[in-house]
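*Asks:* give me a model of this one.
(3 chains)
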Amino acid sequence: MLRGIIENTRRQKPLVHCLTNYVTVNDCANVLLAGGGSPIMADDLREAAEITALCRGLVINIGTLNERTIETMIQSGKKANALNLPVILDPVGAGASTFRTETVHCLMSQIRFAVIRGNMSEIKNIGQGKGFPQREDYTQSEEFTQGEGFHQGVDAADRDRLTEENLEMNSGRVRRLALETGAVIAVTGAMDLVSDGRRMAVCRNGHPELGRITGTGCMLSAVTGAYAAANPNRMFEAALAAVCAMGISGERAYQWAQAAGGGTGTMKMHLMDQIDRMTDGRIESEARYEVW
Amino acid sequence: MLRGIIENTRRQKPLVHCLTNYVTVNDCANVLLAGGGSPIMADDLREAAEITALCRGLVINIGTLNERTIETMIQSGKKANALNLPVILDPVGAGASTFRTETVHCLMSQIRFAVIRGNMSEIKNIGQGKGFPQREDYTQSEEFTQGEGFHQGVDAADRDRLTEENLEMNSGRVRRLALETGAVIAVTGAMDLVSDGRRMAVCRNGHPELGRITGTGCMLSAVTGAYAAANPNRMFEAALAAVCAMGISGERAYQWAQAAGGGTGTMKMHLMDQIDRMTDGRIESEARYEVW
Amino acid sequence: MLRGIIENTRRQKPLVHCLTNYVTVNDCANVLLAGGGSPIMADDLREAAEITALCRGLVINIGTLNERTIETMIQSGKKANALNLPVILDPVGAGASTFRTETVHCLMSQIRFAVIRGNMSEIKNIGQGKGFPQREDYTQSEEFTQGEGFHQGVDAADRDRLTEENLEMNSGRVRRLALETGAVIAVTGAMDLVSDGRRMAVCRNGHPELGRITGTGCMLSAVTGAYAAANPNRMFEAALAAVCAMGISGERAYQWAQAAGGGTGTMKMHLMDQIDRMTDGRIESEARYEVW
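*Replies:* Got it, this is the predicted structure:
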């Protein structure tokens, strides 16, 4: 079902506008190129919407939010919506501060997102009342990830780990969030969930060491932007292909790093190589996902 | 004719002030060190001119322009001009937005540049009426790279590709732009052109995969800054040496990456290594350029 | 005496808030992960103190200071002080501009730092009248590193090189600066000095090529932040372990790069790997330091 996603991207080389954080921006640009797209980063209000209009997709990542760029995000997002370009949201650290939580809600009220990709803590935060229970409705055993109990910053809290035990509950919630928002929801972690409200996929590729390289989530959102821009009528498949591509790449990059006696520095380099060399055929043969 | 450029740089280790974009800034700093210089990035208005005055050269790159840094660029540029330090301009994405186009024209009206380095779309944009025809004077077959026809963002548009067929026309235009601006013009792409108005060089080193690593243009401008700072009376040679050094490094980095079974991640690492190990002797033996 | 520092860090995985420069921020995030911590970068005033409160430590690095972030640094610093979290200061380029010098003095007057890590020129600049002589008291032979005589930007000036000859004088000054500020002072260069006012360590690990990779100082400060956050009652040991870890990693990374026929690009990757693979046992066996 994912056939052609990557080949389309490499053939079209879609220009993708990224409004993203300054921590991982270089890796996002490089991985977007490696995935077959072409990145442009431009966050000044005086040019952002004009740049968006040159592009085939837009990625909004709130990793290092600041006052200046929120308005840019809104204007670029509205322009992309007007032109019917897919907009990807990466709600980095939603729930870690009131500012992030409120900004994500503001963005979601003004922009129609094609894909929202985050870890379970972030998705849980933005999903309150839209698939996920309100904070006050959480039971003791599945406490809310904010305030005192929230200590992982931009990573998912331990209690939000997706397991075989809570898979059914969480997949149901993710599906409802997709229906409520009209966006494909991609939740990544030890297992990954992707849903457009109708279909639900669980993907079991990936490697824990990916969590020890900064920005692998941001990079995944950037690759999603490239695949989505080149496959605008196949959002669910584009998001799932990106999730699988990053998972497979992580597995292989870890193997290469181990074989070389290296660590996370070596693994990061190979991760880029793997995305660069990813093909539809490799997705077909190496991805471990089910759709229901 | 390029003898001594690199050795001078490594011996003097000139401090170079970079006002550059946040996408590729780390690679620019590292490549400037690898090339033999010493980078300092400082973009707050309250210190920029003071920092410039400590330096031997200034690189201005508009890759992620914003309101705050334009005034910094002007003040640092004027300080560098007053101290007779070479100033390099990298007009990233000129033509992609009105804001970038206008900012470049503003910078060029207030600062005297020693070298302007860009791809053909950028150079064509800034060269209107100064060597290159005005937009309205372009014939159908060589359309202007702005507006609807412009889809490549920070990369050169396909129609602006330098070929053996349009080499004579374009080299004439580049030469006139050099004469009009008083700057050495370096246009990079499948072939590279460098001219100071009097001399014209075409360089045929390089590899297409360089275009799949973000910031190789920015990195070249940074290396140009180092070579120019250490060789202030040989601007044409400094710019040409930098163009050749990046081209040779790209060829070799691609070979290393291929030999290792790697992709763009591996190639980027080797690109840095190659600039680090570049010598005047290697330029002499491996550069493929003609001057006329 | 350094036993357990790294193991504690890896076991606790402390979240560390970094207010740092955009040149080396990605490397700081990755090295902090490699060292066993978890980074979060958030510099908007509306969330900074709230983010600090989620964390176990704070790193303030002034590498690319700007108006917007100074107030953020002060508020986050005060919050960290109120919560008794260790705050690390990296006074990048102190002395290179009036703005940096004044900002560092402002930060030091409002925030209580647990560790201050810089090169000798930076430490000398911030230490005036607090261990180091005032500018006017320097003799001809040990001129002050500012103004005309200061040409190294963010690197230490040659005249500030720590040698066996000036070791006694400088270690005395560093010790007094530690006493005056109440912070552990870590000065890095050809030799490294670490003092809490009571104890003084000199460390002889490291490699000159570290100076040809941008941000190795910033990276050391980030690792110090992780080790300090996980070992809040052992600041001197945490800072010394970080200094040793970076020195050993630099030696080994250089060896790996040489063996592979590589340069600074390859070395940088291996530097990250080495920090990733650092253990208390390796510190014990490979660190060359004396404490007195």
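*Asks:* leaving out the residues flanking it, which one is nearest to residue A:262?
*Replies:* Spatial nearest neighbour of residue A:262, excluding adjacent residues (CB to CB, 6 or more residues apart in numbering or on different chains): residue C:273 at 4.7 Å. Heads up, the C-betas are built off the backbone N, CA and C, glycines and all.
*Asks:* buried sites along the host helix or strand of the one you found?
*Replies:* Using DSSP states H and E, residue C:273 sits in helix C:264-276. Residues of helix C:264-276 classed as buried by neighbour count (16 or more other CB atoms under 10 Å in any protein chain shown): C:264-276.
*Asks:* ok, the residues you listed vs residue A:81, which is closest?
*Replies:* Closest approach to residue A:81 among the buried residues of helix C:264-276 (CB to CB): residue C:272, at 39.9 Å.
*Asks:* residue contacts, that closest one?
*Replies:* Residue C:272 sits next to A:263, A:264, A:265, A:268, C:27, C:30, C:31, C:34 when contact means CB atoms under 8 Å, 6 or more residues apart in numbering or on different chains.
*Asks:* excluding its backbone neighbours, what's nearest the fourth one?
*Replies:* Meaning residue A:268. Once flanking residues are discounted, residue A:268 sits nearest to residue A:213: 5.0 Å by CB to CB, 6+ apart.
*Asks:* run a quick neighbour tally on that neighbour.
*Replies:* Burial of residue A:213 is recorded as 23 neighbouring residues (other CB atoms under 10 Å in any protein chain shown).
*Asks:* same check on residue A:204?
*Replies:* Counted with other CB under 10 Å, the neighbours of residue A:204 add up to 13.
*Asks:* now do the same contact list for it.
*Replies:* Counting by CB under 8 Å, 6+ apart, residue A:204 touches A:191, A:192, A:247, A:288, A:289.
*Asks:* ok, the residue lying farthest from the centre of chain A to residue C:277 distance?
*Replies:* Using CA atoms, centre = their mean, the residue of chain A lying farthest from its centre is residue A:261. It sits 30.1 Å away. Using CB to CB, to the nearest Å, residue A:261 is found at 9 Å from residue C:277.
*Asks:* now residue A:35
*Replies:* In this view, residue A:35 and residue C:277 are 30 Å apart by CB to CB.
*Asks:* for residue A:28, same thing?
*Replies:* Counting by CB to CB, the gap from residue A:28 to residue C:277 is 27 Å.
*Asks:* quick one, strands of chain A?
*Replies:* Counting by DSSP state E, one finds strands in chain A at the ranges A:15-19, A:38-41, A:57-61, A:87-90, A:115-118, A:184-187, A:192-195, A:200-203, A:289-291.
*Asks:* residue A:35 and residue C:277: which has the busier surroundings?
*Replies:* residue A:35 (28 against 16).
*Asks:* what's near enough to touch that one?
*Replies:* Residue A:35 neighbours (CB under 8 Å, 6+ apart): A:6, A:9, A:222, A:223, A:226, A:227, A:242, A:245, A:275, A:276, A:278.
*Asks:* repeat that for 6 Å
*Replies:* Residues near residue A:35 by CB atoms under 6 Å, 6 or more residues apart in numbering or on different chains: A:223, A:226, A:275.
*Asks:* any chance of these in CSV, plus distance to chain B?
*Replies:* Shown next, in CSV, are those (distance: CB to the nearest CB, whole Å):
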residue, distance to chain B
A:223, 13
A:226, 13
A:275, 8
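*Asks:* residues of chain A that sit close to chain C?
*Replies:* Taking CB under 6 Å from any CB of the partner chain as the criterion, chain A approaches chain C at residues A:22-23, A:64-66, A:97, A:99, A:153-154, A:212, A:214, A:262-266, A:269.
*Asks:* who's in contact with the residue of the stretch 51-200 of chain A found nearest chain B?
*Replies:* Residue nearest to chain B within the stretch 51-200 of chain A: residue A:51 (5.6 Å; CB to the nearest CB). Contact analysis of residue A:51 by CB under 6 Å, 6+ apart lists A:17, A:42, B:97.
*Asks:* looking at those, which has the most residues close by?
*Replies:* residue A:42 (32 neighbours).
*Asks:* how far away is that one from residue B:135?
*Replies:* 22 Å.
*Asks:* residue A:69 too?
*Replies:* According to CB to CB, residue A:69 and residue B:135 sit 31 Å apart.
*Asks:* just residue A:159 next, same as before
*Replies:* 59 Å.
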